[in-house]
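J.: model this:
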Amino acid sequence: MPMRKKILFVINTMGRAGAETAMLELLKALDSPEYDISLYVIMGQGEMIGKLPPYVRLRNLRFNAHSVLSRQGKRGMMATVCRAFFRNGGQIKKIRGIAGNLASMGRQGKFQADKLLWRMLSDGSLRLEEQFDLAVAWLEGASAYYVAEHVKAARKCAFIHIDYESAGYTREMDRNCWDSFEKIFMVSQEVKEHFLAVYPEYADKAEIFHNLVDQEGIRRRSREAGGFSDGYEGKRLLTVGRLTWQKAYDIAIDAMKLLKDKGCNVRWYILGEGDQRRTLEKKIAALQLKEDFVLLGAAENPCPYYAQADIYVHATRFEGKSIAIQEAQTLGCAVIASDCNGNREQIENGEDGILCHLTPEGIAESIETLLQNEETRKKLGKSAERKNMAQEQELQKLLQLLT
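T.: Numbers count the residues shown, from 1 in each chain. Down below sits the predicted model:
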């Protein structure tokens, strides 16, 4: 009997976000007696760990299933950072690394706490002594650094899920980590272009690997109990995404103010959590939109909300490839998205959605147009629903690395 191929996936956290959802779909597709699959989570934390398939072996010695945004999660995250600083020694090197990252961020004019610590967290993570047939760095940052420098594997690959130029990474932070990977997979053409703008020398390694989307599973989950429960009788807008600067909710709130000032009978709901909640709540209150722009928090199953919404809005500053847009399209939503990196690759403007300018006026105008034209909403939704996103052939791109 042939030996099972040993595959290790590494990810930064298991929080409720698009990249984690996409990885879980890929792990489901790898359910086979041919593979011995392991997962290591750099932060050892995240509420999505409960979705991990039973045949995947979690390699963390300890795991905190709380969200990194919860009080318990923040305490756990601080403990993980402290352990990483002391584990494996090299404290002086770690301090120098943090200082170097801080200087690099200063030159860019972007300070991001997670990227400041990714290298230290990688160096201070658990060492797995065994040899793997394939090691997969599922995310940028600590996952990529860890697989490149601290994992023993016959072959290695990495996935890029973001606009690398906009995300705040630099060559100084990465320290040639990409040399260690045989393949660097990008989730969209635009993600590939932006990565190669920073690293043109890796063009031969770069390849597109679309997210695996279980469209039948999404449709099935949309029929489960859940969704809106406030009894609102007007039109409903929906956005699904973390409460972060990238998602541009500050601009969306201003757009909602314009719609209400025009007398539009509409309410906007947000599914997601993030570090911007308090800031957004203050702005919502200041503009007297507490009943109109509703932060619902994260949902275990967002699919019934998509099915019940009149319009799905995804007005973000940049994207890699949005799982939320794919879910909305699968469920026949009329989608409005900002004309930015990532979004424009998923929307054929005027055919299966609308691309708008990322301004309060641009967003509000597009929403108002669809609110006033039910026929157009239905046409866009039906076109979106017909899109085939199964991407079964993508799996072979990964499995070829095992041959």
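
J.: helix/strand/coil for Ala167?
T.: Secondary structure state of Ala167, per DSSP: H, G, I helix; E, B strand; the rest coil, is coil.

J.: what's near enough to touch it?
T.: For Ala167, the contact set (CB atoms under 8 Å, 6 or more residues apart in numbering) comprises 140, 318. Where you see a C-beta, it was placed from the backbone N, CA and C, and this is true even at glycine.

J.: again, only using 10 Å
T.: 110, 112, 115, 140-141, 160-161, 194, 198, 246, 318, 320 (CB atoms under 10 Å, 6 or more residues apart in numbering).

J.: Same question for Cys264.
T.: 234-235, 237, 256, 258, 292, 364, 367-368, 371-372 are the contacts of Cys264 under CB under 10 Å, 6+ apart.

J.: In a helix, it, correct?
T.: No. Counting by three-state DSSP, Cys264 is located in no helix; its state is coil.

J.: Just the pLDDT for it.
T.: Looking at Cys264, its pLDDT stands at 96.

J.: rewinding a little: out of the contacts of Cys264, what pair is the most spread apart?
T.: Asp292 and Gln372 (18.2 Å; CB to CB).

J.: Looking at the two, which one has more neighbours?
T.: A direct count of neighbours by other CB atoms under 10 Å for Asp292 and Gln372 places Asp292 higher, at 20 against 10.

J.: Can you verify my assumption that the more buried one contacts Trp268?
T.: Yes. Counting by CB atoms under 10 Å, Trp268 is a contact partner of Asp292 at 6.6 Å.

J.: what touches both of the two?
T.: With CB under 10 Å, 6+ apart as the test, Asp292 and Trp268 both reach 237, 253, 256, 259-260.

J.: List just the nearest of those residues to Val213.
T.: Leu237 (22.9 Å).

J.: Not counting its neighbours along the chain, what's nearest the closest one?
T.: Once flanking residues are discounted, Leu237 sits nearest to Trp268: 4.2 Å by CB to CB, 6 or more residues apart in numbering.

J.: avg pLDDT for stretch 5-21?
T.: 93.

J.: from now on call the first residue 893
T.: Sure thing, new numbering starts at 893, so read that last one as stretch 897-913.

J.: one step back: among the shared contacts of Asp1184 and Trp1160, name the ones in helices.
T.: 1145, 1148, 1151-1152 (DSSP state H).

J.: Just to be sure, Ala1027 is in a helix?
T.: No. Using three-state DSSP, the secondary structure at Ala1027 is strand, not a helix.

J.: contacting residues for it?
T.: Contacts of Ala1027 by CB under 10 Å, 6+ apart are 898-902, 930, 932, 1020, 1038-1040, 1042-1050, 1072-1073, 1293.

J.: if you set the cut-off to 6 Å instead, what comes out?
T.: With contacts defined as CB atoms under 6 Å, 6 or more residues apart in numbering, Ala1027 is in contact with 900, 1039, 1043, 1045, 1048.
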